[in-house]
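Novice: Would you be able to build a 3D model of this:
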Amino acid sequence: MKALRITLPGLFMMAAILVAPGPVTAQQYKEDFNAALEAAKNPATLADARSLFINAATGADGASDTETAQRARHITAQIDYKLGTEALKSEDYQAALEHYSNGENVFPTYIKNLYGKGLALKNLGRLDEALGIWKTVATAQGDRRTSLAAEKAIRDHFISQASAALAKRNATRADADAALAALASLSEFMEADADVYYYTALAHYTKGEGDAAIAAAQQALNIHSGSRSDKAKIYYVLGEAYISVGNRDAARDAFSNAVYGTWKQSAEHYLETL
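Specialist: Next up, the predicted model:
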């Protein structure tokens, strides 16, 4: 019994050491974080940096260090965005999607990854998913530049469809209807801008619907805030629409405002013949 009494204190001391590793763990996550910062400086070791930041975030969670955990995850998401963008440029769209998705999962409020995810999905042919994601990004708070990029991505897609349909040589009523369908789809995501009304006017003019074309062109002019060249093209289609309904005086006024840039020569020709 005496030998047992002598060894118990030693056993208690050893047990205390084994169950109280707090200071060691705290030191480790800080070391991981600092090592991750160094690794992140070299593009070749970004994957290593990411792993270290995740380790640091997990360790910081255990130590109730919310600030470090948050910062580690934020930087991880930035690394994922960079890796995703590099994969996107290399046309490895599946890898890009995986990187962007990882970043979204680790730090959801860093919406650049969500925007990039939309780009990857579009290139993978999953357009409906991409558009839904961009709609979410467009209404997100905190990163207005990325939200505007998402809005532009949506607009560009549908405007491109409308423009391609109407740019065909001798575009038909079916082409015009395809353009109007694309513009209607765009309206499900956001309000119409001057470009939407311009292509609406052009589509109606192509279909021989002069009055509707005039109304759309005038709406485009009312809200136009772009370049003088863009404004000239609106006046040009307005002039053609007025001709189609027999209003030569209004057509002349419209063409006089279309004498600029690409439209200058054609507008002047109309003015000489009206």
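Novice: pLDDT-wise, which helix or strand of the chain ranks last?
Specialist: helix 2-19 (a mean of 39; mean pLDDT, DSSP states H and E).
Novice: continuing past that one, what's the next helix or strand?
Specialist: helix 22-39 (DSSP states H and E).
Novice: What mean pLDDT does that following helix get?
Specialist: Averaging pLDDT along helix 22-39 yields 82.
Novice: Can you mark which positions in that helix are buried?
Specialist: Going by neighbour count (16 or more other Cβ atoms under 10 Å), the buried part of helix 22-39 is Ala26, Gln28, Tyr29, Lys30, Asp32, Phe33, Ala35, Ala36, Ala39. All C-beta spots, glycine's among them, are computed from the backbone N, C-alpha and C.
Novice: do the same with stretch 41-50
Specialist: Leu46, Ala49, Arg50.
Novice: Make JSON lines from the buried residues of helix 22-39 and add distance to Thr206 to it.
Specialist: Formatted as JSON lines, those follow (distance: Cβ to Cβ, whole Å):
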{"residue": "Ala26", "distance to Thr206": "70"}
{"residue": "Gln28", "distance to Thr206": "69"}
{"residue": "Tyr29", "distance to Thr206": "65"}
{"residue": "Lys30", "distance to Thr206": "67"}
{"residue": "Asp32", "distance to Thr206": "63"}
{"residue": "Phe33", "distance to Thr206": "61"}
{"residue": "Ala35", "distance to Thr206": "63"}
{"residue": "Ala36", "distance to Thr206": "58"}
{"residue": "Ala39", "distance to Thr206": "58"}
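Novice: Now compare these and name the two farthest from each other.
Specialist: Maximum pairwise distance in the buried residues of helix 22-39, criterion Cβ to Cβ, is 20.7 Å, between Ala26 and Ala39.
Novice: Who are the packing partners of the particular helix or strand that has Ser147 in it?
Specialist: Secondary structure from DSSP H and E places Ser147 in helix 144-166. Contacting helix 144-166 under the criterion 3 or more Cβ pairs under 8 Å, 6 or more residues apart in numbering; DSSP states H and E are the following elements: helix 112-123, helix 127-138, helix 173-187, helix 194-206.
Novice: From the buried residues of stretch 41-50, pick the one nearest Glu272.
Specialist: Leu46 (63.4 Å).
Novice: show me where pLDDT drops low in the stretch 51-200 of the chain?
Specialist: Counting by pLDDT under 70, the stretch 51-200 of the chain has no low-confidence residues at all.
Novice: start to end distance for stretch 243-252?
Specialist: 9 Å (Cα to Cα, to the nearest Å).
Novice: that older thread, ok, the buried residues of helix 22-39 vs Ala138, which is closest?
Specialist: Nearest member of the buried residues of helix 22-39 to Ala138, counting by Cβ to Cβ, is Ala36, at 32.4 Å.
Novice: Do I have it right that the closest one meets Gly59?
Specialist: No. Under the criterion of Cβ atoms under 8 Å, Ala36 makes no contact with Gly59, lying 11.4 Å away.
Novice: got the angle between the helix holding Ser147 and helix 173-187?
Specialist: Inter-element angle recorded for helix 144-166 and helix 173-187: 170 degrees (by axes from the mean of the first three to the mean of the last three Cα atoms, to 10 degrees).
Novice: Any buried residues in helix 144-166, and which?
Specialist: 146-147, 149-151, 153-155, 157-159, 161-163, 165-166.
Novice: any residues touching it, and which ones?
Specialist: Helix 144-166 has contacts (Cβ atoms under 8 Å, 6 or more residues apart in numbering) with 111-112, 115, 118-119, 122, 127, 130-131, 134-135, 137-140, 171, 175-176, 178-180, 182-183, 185-186, 189-190, 193, 195-196, 199, 202-203, 206.
Novice: Could you look up the SS state of Ala69?
Specialist: Three-state call for Ala69 (DSSP: H, G, I helix; E, B strand; the rest coil): helix.
Novice: what's the neighbour count on it?
Specialist: 20 (other Cβ atoms under 10 Å).
Novice: need the contact list for it.
Specialist: Ala69 makes contacts with Ala56, Ala57, Thr58, Ala60, Asp61, as judged by Cβ under 8 Å, 6+ apart.
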